[in-house]
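Undergrad: Model the following, please.
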Amino acid sequence: MVFHWSSLICRSKCVFLKNSSVLKQLIRLHSRVSPSMLHVARPQKSVTPPSENKVLPVFRHAERFASRTAIRDRHGDYTYEGIFLSSNQLAVQITEILRGRQGERVALLCPNDASYVIAQWACWMSGQIVVPLCQDHPLPVMEHYVRDSDVALILAGQEYLELASQLMEKGRQMLVVEDALRVLARRHGPNRAVSSLAAADEEVDLQPNHILKGGLDDEFYADSDALIIYTSGTTGPPKGVVLTHSNIQHQAYSLIRSWAWNEKDIILHTLPLHHIHGIINVLLCPLFVGAKCLMLPKFETSQVWSQLLSINMPAQDRINVFMAVPTIYAKLIEEYDKIFSKNARMKEYIKTVCTQKIRLMVSGSAPLPLPIFDRWEEITGHRLLERYGMSEVGMALSNPLKGERKPGFVGTPLPQVQVKIVASTEEGEKVVAEGNEIETRIPPGAKEGDVGELCVRGPTVFRNYWRNREATNKCLGADGWFKTGDSALYSNGSYKIVGRSSVDIIKTGGYKVSALEIETYLLGHPDIQDCAVVALPDMTWGQKVAAIVVPRQGKEVILSKLREWSKSRMAHYAIPTVLKCVEHLPRNHMGKVNKKELVKHMFPEKAK
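TA: Have a look, this model is predicted:
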């Protein structure tokens, strides 16, 4: 059965900026602005989240920031109060459809705009568990998510009705998230600012209401489930990671403290909203502290550059925080090289504005190759802050906001997080490093640089895998330690991820080799644009190192020459003995390569 939110019907107008006009506008504007006209932004004091020992879902904070802008999308601006009121209306209908039941799974299939936030808050106000879907996933993947989590209701944006209808099965219902809900949440009043990304929509005036009532009793959220995020499936079938409201709050507060989030921040959101990176780091963190999130419908290089360099925007509307995956930074660099690299004044301007106006740039969700780290610093003056996290634990490790950021390393434990590295030896498992945000200790008999599996413990760690006790018990102990499956080491005051224990640690001729480390070296080759290193079974060596590379345009990569080039850069046993060249590497939305599938496709005779 399909329901429509129908107390108000309206249609909004959208105006999209053309890619070419954006870039031309930037260059024209630059001709009238010099770096000397820019001023360094004053640092803002961070907001201390209230009641860290009390679980308050994100919508509970809306009253504190009622008239402030929470979201800006291609349609316009939305206040915290407006988002809350629209969410509350939708929550009432969700509760009616589900006949008052709580803890049901509700799938979200909404665009990357305010309607997603409204739907998310509404589910939590109604006491349901959100299962975010990605519209770009193949239908069988979405069907797995919906069936595995036993979704009772699908909230679908109007543009995804046809797709959502394909996920309907007996007993499942669908509620259409109408444009009217989004328009209801729009900024109101005579001085409403119109987004530079769009023309003004028809408005519905909201009466000021600073006593925002909605949701269930606070006690409900103290120990209830909030979110099921499915793993990427790079090492096995996707599993549903169950995060509680408490998990989400602790994950957000950990980053708020470490990255100095404050209500003056404006972050640019270009990431998918079915992943921990896009949901917690880039969306919920700013909403917990009253900051503003500028949401783009999807990632486009020209749109991102136009936002990073928007010199025609008032100071209060400029973004000052940006987070992305390495693939996005690589595409931004590629666009920069095409458009700006031969314009000396533009290069100077870009570096000046990024250095002075943007306080934080973060990379995560996949290893950051050293060439991208170095090139981005050269272009923008920013040493990207690399951190480590995963769906099951949120963010666990981070380079410092202020202090040395070492390329290839992911820093130290975040607040509330404990970590340890456990190595397998002939005598059994042995802890070789253990620490928290204050310090890391090397136990007697261990030494810096010892490699082992990274384990994480703390209030940020997930509750369990949805209805999968076997998988939960395999990696989450009764003592609260979660085995990440990632190999890591601790050296010179910082942690480094060596790779997935199952696919990135290659055992060849008695040596353990990190595929990620080899990839970093190969990406430094002048003729290689992208690469993935995998292990192939071998009778003599146990495993041999195979490189799958994407040559740069007009270039050729030959194994014999690559091996010769590698001799002065890596250990002899780490040098690839197998090479395949391809036009592109298949990556998921977060920039990760499914290496098991890649081996099956590229080396079917070797795949197990």
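
Undergrad: So for the longest helix along the chain, what gets flagged as buried?
TA: Using DSSP state H to define each element, the chain has its longest helix at helix 80-97. Neighbour counts over helix 80-97 (16 or more other Cβ atoms under 10 Å) mark 80-91, 93-95, 97 as buried. In short, each C-beta sits where N, CA and C put it, glycine included.

Undergrad: Do a quick rundown of the strands in the stretch 501-608 of the chain.
TA: Counting by DSSP state E, counting those that start in this stretch, the stretch 501-608 of the chain has strands at residues 505-508, 511-514, 528-538, 542-551, 578-581.

Undergrad: Select, out of these, the one closest to Val58.
TA: Closest to Val58 of the strands of the stretch 501-608 of the chain is strand 528-538 (Cβ to Cβ; 37.0 Å).

Undergrad: which residues are contacting the closest one?
TA: 503, 506-508, 515-516, 518-519, 522-523, 543-553, 557, 576, 578, 584-585, 593, 595, 598-599, 603, 606, 608 (Cβ atoms under 8 Å, 6 or more residues apart in numbering).

Undergrad: Rebuild the strands of the stretch 501-608 of the chain as TSV, extending it with mean neighbour count.
TA: Listed next are those as TSV, based on neighbours: other Cβ atoms under 10 Å:
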stretch	mean neighbour count
strand 505-508	19
strand 511-514	18
strand 528-538	21
strand 542-551	20
strand 578-581	16
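
Undergrad: Out of those, the one nearest Glu143 is which?
TA: If we rank the strands of the stretch 501-608 of the chain by Cβ to Cβ, the stretch that ends up nearest is strand 528-538, at 28.0 Å.

Undergrad: pLDDT below threshold where in the stretch 51-200 of the chain?
TA: For the stretch 51-200 of the chain, applying pLDDT under 70 flags the ranges 51-53, 187-200.

Undergrad: Ala107 should be in a strand, yeah?
TA: Yes: counting by DSSP: H, G, I helix; E, B strand; the rest coil, Ala107 is located in a strand.

Undergrad: Can we start the residue count at 2 from this point?
TA: Okay, using 2 as the starting number, the last item reads as Ala108.

Undergrad: Help me confirm that it comes into contact with Arg148.
TA: No: using Cβ atoms under 8 Å as the test, Ala108 is too far from Arg148 to be in contact (10.7 Å).

Undergrad: Please identify which of those two sits among more neighbours.
TA: With neighbours defined as other Cβ atoms under 10 Å, Ala108 and Arg148 compare such that Ala108 has more, 26 against 12.

Undergrad: who does the more buried one bridge with?
TA: Val132, Ile155 (DSSP bridges).

Undergrad: Apart from its chain neighbours, what residue comes closest to Ala575?
TA: Excluding the flanking residues, the one nearest Ala575 by Cβ to Cβ, 6 or more residues apart in numbering is Val514, at 4.7 Å.

Undergrad: list the contacts for the one you found?
TA: Val514 neighbours (Cβ under 8 Å, 6+ apart): 506-508, 546, 572, 574-575.

Undergrad: Same list (those) but as a markdown table, adding pLDDT.
TA: Shown next, in a markdown table, are the contacts of Val514 (pLDDT from 0 to 100):
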| residue | pLDDT |
| --- | --- |
| Ile506 | 76 |
| Ile507 | 82 |
| Lys508 | 78 |
| Val546 | 91 |
| Ala572 | 78 |
| Tyr574 | 81 |
| Ala575 | 86 |
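
Undergrad: got a markdown table for the residues you listed, with distance to Thr271 too?
TA: Below are the contacts of Val514 laid out as a markdown table (distance: Cβ to Cβ, whole Å):
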| residue | distance to Thr271 |
| --- | --- |
| Ile506 | 32 |
| Ile507 | 34 |
| Lys508 | 38 |
| Val546 | 34 |
| Ala572 | 38 |
| Tyr574 | 40 |
| Ala575 | 35 |
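
Undergrad: that older thread, who does the residue nearest to Ala575 form a beta bridge with?
TA: Assigned bridge partners for Val514, using DSSP bridges, are Ile507.

Undergrad: if I look at it, how far off is Ala547?
TA: Separation of Val514 from Ala547 (Cβ to Cβ, to the nearest Å): 12 Å.

Undergrad: got any residues that touch both of the two?
TA: With Cβ under 8 Å, 6+ apart, Val514 and Ala547 have no common neighbours.

Undergrad: next structured bit after the lowest-mean-pLDDT helix or strand in the chain?
TA: Of all helical and strand segments in the chain, the minimum by mean pLDDT, DSSP states H and E falls on helix 20-31, at a mean of 47. Later in the chain than helix 20-31, the nearest helix or strand by DSSP states H and E is strand 70-73.

Undergrad: Does anything pack onto that next one? Which helices or strands?
TA: strand 78-80, helix 81-98, helix 115-127, strand 293-296 (3 or more Cβ pairs under 8 Å, 6 or more residues apart in numbering; DSSP states H and E).

Undergrad: By neighbour count, which bits of the first one are buried? Give me those.
TA: Read that as strand 78-80. 78-80.

Undergrad: Now do the contacts for the residue nearest to the spatial centre of the chain.
TA: Nearest to the mean C-alpha position of the chain, counting by Cα atoms, centre = their mean, stands His278 at 2.0 Å. For His278, the contact set (Cβ under 8 Å, 6+ apart) comprises 272, 324, 326, 365-366, 390, 591.

Undergrad: now, the most widely separated pair of the residues you listed?
TA: Leu272 and Gly390 (13.3 Å).

Undergrad: quick one on the thing from earlier: and which of the buried residues of helix 81-98 is nearest to Glu471?
TA: Among these, and counting by Cβ to Cβ, the member closest to Glu471 is Ile95, at 32.2 Å.

Undergrad: surely the closest one meets Val178?
TA: No: contact between Ile95 and Val178 fails when scored by Cβ under 8 Å: they sit 10.7 Å apart.

Undergrad: tell me, what's touching the two both at once?
TA: Leu156.

Undergrad: how many other residues sit next to the closest residue to Leu91 other than its chain neighbours?
TA: Setting aside the residues directly before and after it, Leu91 is nearest to Ala123 in space (Cβ to Cβ, 6+ apart), at 3.7 Å. For Ala123, the count of nearby residues is 32 (other Cβ under 10 Å).

Undergrad: List the contacts of Ala123.
TA: Taking Cβ under 8 Å, 6+ apart as the definition, contacts of Ala123 comprise 87-92, 95, 156.

Undergrad: ok, now with 7 Å
TA: 88, 91-92, 95 (Cβ atoms under 7 Å, 6 or more residues apart in numbering).

Undergrad: Could I get those in JSON lines, plus columns for distance to Glu170?
TA: Formatted as JSON lines, the contacts of Ala123 follow (distance: Cβ to Cβ, whole Å):
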{"residue": "Ser88", "distance to Glu170": "27"}
{"residue": "Leu91", "distance to Glu170": "23"}
{"residue": "Ala92", "distance to Glu170": "24"}
{"residue": "Ile95", "distance to Glu170": "19"}
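
Undergrad: Out of these, which two sit at the greatest distance?
TA: Those two in those that are separated most widely, counting by Cβ to Cβ, are Ser88 and Ile95, at 10.0 Å.

Undergrad: so Arg388 touches Val394, yeah?
TA: No: using Cβ atoms under 7 Å, Arg388 makes no contact with Val394, being 11.7 Å away.

Undergrad: So the two - more neighbours on which side?
TA: When Arg388 and Val394 are compared for neighbours, Val394 comes out ahead with 27 against 24, by other Cβ under 10 Å.

Undergrad: ok, now which ones touch the more buried one?
TA: By Cβ under 7 Å, 6+ apart, the neighbours of Val394 are 457, 461-463, 483.

Undergrad: of those, buried ones?
TA: 457, 461-463, 483.

Undergrad: So which of those is the closest to Ile359?
TA: Once Cβ to Cβ is applied, the member of those that ends up nearest Ile359 is Thr461, at 26.8 Å.

Undergrad: Helix or strand for the closest one, just tell me which one.
TA: With DSSP H and E as criterion, Thr461 is part of no helix or strand.

Undergrad: OK, contacts around it?
TA: 248, 251-252, 255, 394-395, 417-418.

Undergrad: picking that back up, of all the helices and strands packed on strand 70-73, which one comes closest to Lys562?
TA: Closest among the helices and strands packed on strand 70-73, using Cβ to Cβ: strand 293-296, at 46.0 Å.
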